[in-house]
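# how would this look folded up:
(one chain, ligands or ions: 2)
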Amino acid sequence: MGPTPLEIGVLYDAWHEEQAQGPDHPLEPVGSGGGRRILADREEIHAALEKRGHKPRYLCLDGRAKSLKALASERVDVMFNLTESYAGDDTKDVNIAAYLDLLDIPYTGSGPSGLYLAQDKAVAKRLFAFHGVRTPRFAAVYQGRLQWAHDIQFPVIVKPKREDGSIGIEFNAVVGSIKELMERIDALHADLDSPVLIEEYIEGRELYVSVLGNDPPEALPIVELDLSLLPAGIPRIAGTEVKWERGTAAYRETRLSIARDLGGGLEAEIREAAVKACRVLEIRDYARVDMRLTPKGECYILEVNPNPWLHSSAEFAMAATASGRDHGDLIMEIVDLAMARSRAGRAWAPA
Ligand SMILES: Nc1ncnc2c1ncn2[C@@H]1O[C@H](COP(=O)(O)OP(=O)(O)O)[C@@H](O)[C@H]1O
Ligand SMILES: [Mg+2]
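Ligands and ions are numbered 1, 2, ... in the order given. Have a look, this model is predicted:
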């Protein structure tokens, strides 16, 4: 006899202006579509859970209070939490996790504290500094008011303090003069009305370390984004074009692979730094740590992404595969982590 099937909510967010006045099925998935196409992460997850004998069902928060109310009366054993925003606001994933806590529904991934600490990059960097996790020196400004500044050297990179997915990071984000710096700060304030982070630019390799589990967390094989083939004259960064703009040379010429040539000692050091960064930010279950490795072999943590994208083509899945887990194993392992936490009656990952 197999394990008891679990009722699993596959919780995600969708939000469109027009939907705010739309029809009445608050927790129905929108636009599941037909035909041959690449499956979305939630569809892969749904299929993997079903294949293992569980009972997944889609639940969608669409930005209306109605969908929040409907969630409160859902009976599931655990929620696979894929939400990243609420009503178009990327900072509100924190509130969704907090709401699930209030409802006493077990869910996968980080809790509100981990989501918050990782989301505010300036807060995360202060914690890194306190705990001896290497991160680029920085300054934070908002509308002409200085929140903090190290005595940093050019070149620097200018980015929004709270965005993700390289929003606001185009190739002109890396600047070498006061003039360009002031222009970038001004543009970011105008476009995003967000506090701005100015960081020392770290030349080096772009590495992503996936961390899985809690007791203790395990750093999976390191994934590298090779930026060496980017067209000449643009900085080697994973900016908006590289991540999203399919038609561009920047998108085409960058490749993900497992970094195999780091050397045992350095590789262990990098993995350890990633695990420590996750602990410091109270991350649970799974996360991806973005970092740069200098030619001298120093790794700098740029940010930690709690609940990173789990699609089978994403960095996290690539690392999991290299560690010997197939995609379905990975999905189940994440569910098991949430279930174990709920059985233990613990909100926190062990420190
Ligand atoms: N201090 C830095 N030095 C060098 N490259 C950086 C630095 N900060 C960001 N980058 C580049 O920009 C990309 C996106 O930055 P990141 O801080 O990870 O923001 P996001 O949350 O948008 O992913 C990184 O993957 C890296 O390529
Ligand atoms: Mg990043």
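
# my guess is Pro155 contacts Tyr201, does it?
Yes: contact between Pro155 and Tyr201 holds when scored by CB atoms under 8 Å: they sit 4.3 Å apart. Quick note: C-beta positions are derived from backbone N, CA and C, even for glycine.

# what's the overlap in contacts for those two?
Residues touching both Pro155 and Tyr201 (CB atoms under 8 Å, 6 or more residues apart in numbering) are Val174.

# Give me the more crowded residue out of the two.
Between Pro155 and Tyr201, counted using other CB atoms under 10 Å, Tyr201 has the larger neighbour count: 22 against 16.

# So for the more buried one, what's the pLDDT?
Among the per-residue scores, Tyr201 shows a pLDDT of 98.

# Ok, the one 5 residues further on next?
Here the pLDDT value assigned to Glu206 is 97.

# Any part of the helix or strand it falls within near ligand 1?
Element membership for Glu206, per DSSP states H and E: strand 205-212. Yes: with CB under 6 Å from any ligand atom as the measure, strand 205-212 is seen reaching ligand 1 through Glu206.

# For Tyr12, grab phi and psi.
Main-chain torsions, Tyr12, degrees, to the nearest 10: phi -140, psi 170.

# Run a quick neighbour tally on it.
By the measure other CB under 10 Å, the count of residues near Tyr12 is 21.

# In the beta-sheet assignment, what are the partners of it?
For Tyr12, the beta-bridge partners under DSSP bridges are Cys60.

# wait, it sits on Tyr86?
No: contact between Tyr12 and Tyr86 fails when scored by CB under 8 Å: they sit 11.2 Å apart.

# related to what we said a few turns ago, in the strand holding Glu206, what's buried?
205-212 (16 or more other CB atoms under 10 Å).

# from those, which two are the most distant?
Arg205 and Leu212 (22.2 Å; CB to CB).

# Contacts only, for the residue positioned nearest the centre of the chain.
Centrality entry for the chain: nearest residue to the mean C-alpha point is Asn305, 3.1 Å, by CA atoms, centre = their mean. Asn305 makes contacts with 118, 164, 287-290, as judged by CB under 8 Å, 6+ apart.

# On the three-state scheme, it is what?
strand (DSSP: H, G, I helix; E, B strand; the rest coil).

# Bridged to it, which residues?
Arg288.

# element containing the closest residue to Val209 other than its chain neighbours?
Once flanking residues are discounted, Val209 sits nearest to Ala274: 3.7 Å by CB to CB, 6 or more residues apart in numbering. Using DSSP H and E, Ala274 sits in helix 264-280.

# counting contacts, what elements does that helix pack onto?
Counting contacts by 3 or more CB pairs under 8 Å, 6 or more residues apart in numbering; DSSP states H and E, helix 264-280 packs against helix 121-130, strand 205-212, strand 218-219, strand 286-293, strand 299-306.

# Could I get the buried residue list for it?
Buried, per 16+ other CB under 10 Å, within helix 264-280: 267, 270-271, 273-280.

# Can you lay out those as CSV showing distance to ligand 1 and pLDDT?
Output for the buried residues of helix 264-280, formatted as CSV (distance: CB to the nearest ligand atom, whole Å; pLDDT from 0 to 100):
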residue, distance to ligand 1, pLDDT
Glu267, 19, 97
Ile270, 15, 98
Arg271, 18, 98
Ala273, 15, 98
Ala274, 13, 98
Val275, 18, 98
Lys276, 18, 98
Ala277, 12, 98
Cys278, 15, 98
Arg279, 19, 98
Val280, 16, 98
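
# Among the residues you listed, pick out the one closest to Gly109, please.
Once CB to CB is applied, the member of the buried residues of helix 264-280 that ends up nearest Gly109 is Cys278, at 12.0 Å.

# Tell me which residues touch that closest one, please.
By CB under 8 Å, 6+ apart, the neighbours of Cys278 are 211, 217, 287, 289, 304.

# tell me which parts of this protein are close to ligand 1?
136, 157, 159, 163-166, 169, 199, 201-202, 206, 237-239, 290, 292, 302-303.

# Among these, which ones are in strands?
Among these, DSSP state E puts 157, 159, 199, 206, 290, 292, 302-303 in strands.

# Out of those, grab the one that's most surrounded.
Lys159 (26 neighbours).

# Understood, closing this out.
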